[in-house]
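Visitor: Fold the following for me, if possible:
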Amino acid sequence: MPTVAPVEIDGFVVRAGFLKDCAYFASGEGEILLSGQGETRLRPHKAGLLAAVPSIDGSALVTSGDDGCIYQFGSDGTPVLVAERARKWIDLIATGPSGAVAFASGRTAWVHLADGREKEFALERAVGGLAFAPKGMRLAVSRYDGATMWWAGTDGDPVELSWKGAHLGISFSPDGKYLVTAMQENALHGWRLSDAQDMRMTGYPAKVKSFSWSAKGKYLATSGANAAILWPFSGKTGPMGQTPLQLGTRNETLVSAVACHPEEDVVAVGYQDGMIMMIRFADKAEVQLRRPGKGPISTMDWDKEGKRLAFGTEEAEAGLISLQD
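Guide: Residues are numbered from 1 along each chain as shown. Next up, the predicted model:
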C-alpha cells in the first residue's frame with residue numbers, strides 16, 4: 001500500500017517535486033522547503049513567490065517572485081541570483097538547455113544564458129506562457145491570438161503561429177514535433193510544427209491548468225474535466241480524428257492536476273477535493289494514493305525512479321507519497 005508522509009508548508013503550494021533525491025515544496029507565501037536527509041526552509045524572495053520550475057537535469061530549482069528577482073538553487077539550499085527586473089512581477093519562467101532560463105513580465109520575455117548574456121523579446125500583447133523546445137535553444141511564447149517561436153541564440157526572424165483567443169500555458173511535445181497551448185476558454189490548441197497544421201482539442205467543462213506528457217510522449221494528460229483527459233500523439237496528425245483516453249472519472253469532482261509516471265504508462269491524477277489516484281493507461285486500473293483533503297491538488301511530480309510522488313494543495317497541505325515495491 002502507498003504511504004503518505006505529510007509536510008508542513010505555509011500557503012498555496014505553487015510547485016512540488018524533486019531535485020535528484022531531495023523533495024522540494026514552494027509556496028505562494030514565499031517559503032521553499034527542501035526535504036532530504038533533513039529539512040531546510042528558505043525565503044529568498046522579499047515578498048511572495050509566483051513561479052518555480054526545476055532545471056532540465058533536475059539538479060536545481062529556479063524561482064521568481066513579485067520582487068522582480070529570479071533565483072536558482074540546488075539541494076544544498078544556497079540561492080544564486082540569476083536575474084532581476086526591479087518593480088516587475090515575474091510570474092512566468094521556463095528552464096532550457098545549457099542552464100538557460102526564460103522569464104517574462106507584461107509584454108516582454110527574456111532569456112538569460114549561463115554565461116550571463118541576456119536576450120530580450122518584445123511582443124504586442126502580454127505573454128501567457130513560456131516553453132523551451134526539448135532540443136536546441138528554441139523558445140516558444142504563448143500570447144493573445146497564438147504563439148511565437150524564437151531561436152534564443154541567434155538573431156533570426158521569429159515563427160508566428162496564429163489562432164484566435166488568449167493562449168496561456170504552453171508545452172512542446174517530447175519529440176519536438178508539436179506545440180500545445182492551454183487557452184483562456186475551456187480548450188487546448190496545438191500546431192504540428194512541420195507545416196503549422198492546427199489541432200483543436202475541446203469539450204472541457206473547465207479551464208485546463210495542468211498537463212503532462214507520458215513517458216514516451218504518446219499521450220498528453222490534462223486536467224479540466226471530471227476525468228484525466230489523455231490526448232494521443234502517436235500518429236502523424238496528433239490527436240486529430242482520435243478519441244482521448246478518459247481515466248479516473250468521478251461524477252461531480254473535477255481533476256485539478258496530472259503527473260505522468262517517468263517510466264510507465266501510468267498517471268497520477270489529483271482532484272479538487274484533494275484526493276489522488278494512480279491509474280494505468282492500458283486497463284484503467286486504479287490505486288488510491290491519497291484520500292480527500294482540505295483543498296484542490298495544485299501540483300504533483302514524480303522522482304526519477306517513479307517511486308515517490310510529491311504533492312501540494314491550494315490549502316497549504318503537502319506531502320510525499322511512497323509506493324511499495
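
Visitor: which parts of stretch 144-160 are buried?
Guide: Neighbour-count burial for stretch 144-160, counted by 16 or more other C-beta atoms under 10 Å, picks out 146, 147, 148, 149, 150, 151, 152, 153, 159. Every residue, glycine included, has its C-beta placed from N, CA and C.

Visitor: How about residue 39, nearest residue that isn't a chain neighbour?
Guide: Distances taken as C-beta to C-beta, 6 or more residues apart in numbering put residue 33 closest to residue 39, at 6.5 Å, once the chain neighbours are dropped.

Visitor: pLDDT below threshold where in the protein?
Guide: Applying pLDDT under 70 to the chain flags residues 325.

Visitor: Quick check: the farthest pair among the buried residues of stretch 144-160?
Guide: Farthest-apart pair in these is 146 and 153; separation 22.9 Å (C-beta to C-beta).

Visitor: Would you quantify the distance from the closest residue to residue 265 other than its chain neighbours to residue 216?
Guide: In space, and not counting its chain neighbours, residue 265 is closest to residue 281: 4.0 Å by C-beta to C-beta, 6+ apart. According to C-beta to C-beta, to the nearest Å, residue 281 stands 11 Å off from residue 216.

Visitor: And for residue 319?
Guide: 28 Å.

Visitor: Ok, residue 253 next?
Guide: 29 Å.

Visitor: Pick out whichever of these two has more residues nearby.
Guide: Between residue 253 and residue 216, counted using other C-beta atoms under 10 Å, residue 253 has the larger neighbour count: 17 against 13.

Visitor: distance of that one from residue 275?
Guide: The spacing between residue 253 and residue 275, counted by C-beta to C-beta, is 8 Å.

Visitor: now swap in residue 7 and tell me
Guide: As judged by C-beta to C-beta, residue 7 and residue 275 stand 18 Å apart.

Visitor: now do residue 81
Guide: For residue 81, the distance to residue 275 equals 39 Å [C-beta to C-beta].

Visitor: out of the two, which sits in the busier spot?
Guide: Each of residue 81 and residue 275 has its neighbours counted (other C-beta under 10 Å); residue 275 has more, 19 against 10.

Visitor: which residues does that one contact?
Guide: Residues counted as contacts of residue 275 (C-beta atoms under 8 Å, 6 or more residues apart in numbering) are 253, 288, 290, 291, 292, 293, 297.

Visitor: Test my guess that the last one contacts residue 277.
Guide: No. With contact taken as C-beta atoms under 8 Å, residue 297 and residue 277 are classed as non-touching, separated by 10.4 Å.

Visitor: More neighbours: which of the two?
Guide: Comparing residue 297 with residue 277 by other C-beta under 10 Å, the one with more neighbours is residue 297, at 30 against 19.

Visitor: Please identify the helix or strand for the nearest residue in space to that one that is not next to it in sequence.
Guide: With sequence-adjacent residues excluded and distances taken as C-beta to C-beta, 6+ apart, residue 297 is closest to residue 270, at 2.7 Å. According to DSSP states H and E, residue 270 maps onto strand 266-271.

Visitor: Give me the contact list for that strand.
Guide: 212, 214, 221, 228, 230, 247-248, 250, 253-261, 276-281, 289, 292, 296-297, 300, 302, 306, 309, 311.

Visitor: C-terminal to it, what's the next element?
Guide: Next along from strand 266-271, by DSSP H and E: strand 276-280.

Visitor: Can I get that following strand as CSV, trimmed to CA atoms?
Guide: Provided in CSV are the C-alpha atoms of strand 276-280 (Å, rounded to 0.1, in the frame of the first residue of the first chain):
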residue,chain,number,x,y,z
ILE,A,276,-5.0,11.5,-5.6
MET,A,277,-5.4,8.4,-7.8
MET,A,278,-2.8,6.4,-9.7
ILE,A,279,-4.2,5.0,-13.0
ARG,A,280,-2.8,2.7,-15.6
